[in-house]
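In: Need coordinates for the following:
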Amino acid sequence: MPINIDTFEGSSEDALGGGLTQPERVLSFLASHADKAFRPIEIAEETGIPRNSISSVLRRLEGQELVRHKGEYWAITDDRDRLHSLTQYELVTESLNDLYGEEDPSEWVGHMPVRDEADTSDDT
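Out: Below is the predicted model of the structure:
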């Protein structure tokens with residue numbers, strides 16, 4: 001649904017949907033309820049993520065070993081070091097973005113070394 005331009009101009013990015021990503025919302029919710037496990041539908045309802053998206057979000061997080069599941073129930077990982085590392089990475093990235101601005105990965109292409117496909121030697 002469109003919004004009027006005054007609402008657009010007068011609203012913060014967070015208010016217009018520029019807040020946490022879906023995986024961040026799931027991790028935040030599960031981490032704040034680390035003593036419980038939830039079914040995907042419950043996680044979807046609590047995080048505002050569409051029901052048809054929650055399973056793929058959970059699978060991606062599971063692939064990164066940030067959540068775990070048994071049967072139809074999901075919980076935050078019990079690997080606290082992994083969560084701590086992720087949190088520290090996010091905080092550092094946010095600080096650097098605040099200081100220097102966000103990076104545009106498409107700008108990296110011009111600075112990447114050219115790889116010689118014929119050279120498969122290992123430099124170690």
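In: Contact partners for residue 111?
Out: Taking CB atoms under 8 Å, 6 or more residues apart in numbering, we find residue 111 in contact with no residue. C-beta here means a position set from N, CA and C on the backbone, and glycine is covered the same way.
In: now it: how far from residue 99?
Out: 20 Å (CB to CB, to the nearest Å).
In: go on, residue 78?
Out: 34 Å.
In: do the same with residue 46
Out: Remark: distance between residue 46 and residue 99 (CB to CB) = 34 Å.
In: Neighbour count for those two, which is higher?
Out: residue 46 (15 against 7; other CB atoms under 10 Å).
In: could you point out which element follows the helix or strand containing residue 23?
Out: Using DSSP states H and E, residue 23 maps to helix 22-32. Using DSSP H and E, the next helix or strand after helix 22-32 towards the C-terminus is helix 40-47.
In: Just list what that next one packs against, helices and strands only.
Out: helix 22-32, helix 51-63 (3 or more CB pairs under 8 Å, 6 or more residues apart in numbering; DSSP states H and E).
In: among these, which is nearest residue 7?
Out: Within the helices and strands packed on helix 40-47, the stretch nearest residue 7 is helix 22-32; the backing value is 23.0 Å (CB to CB).
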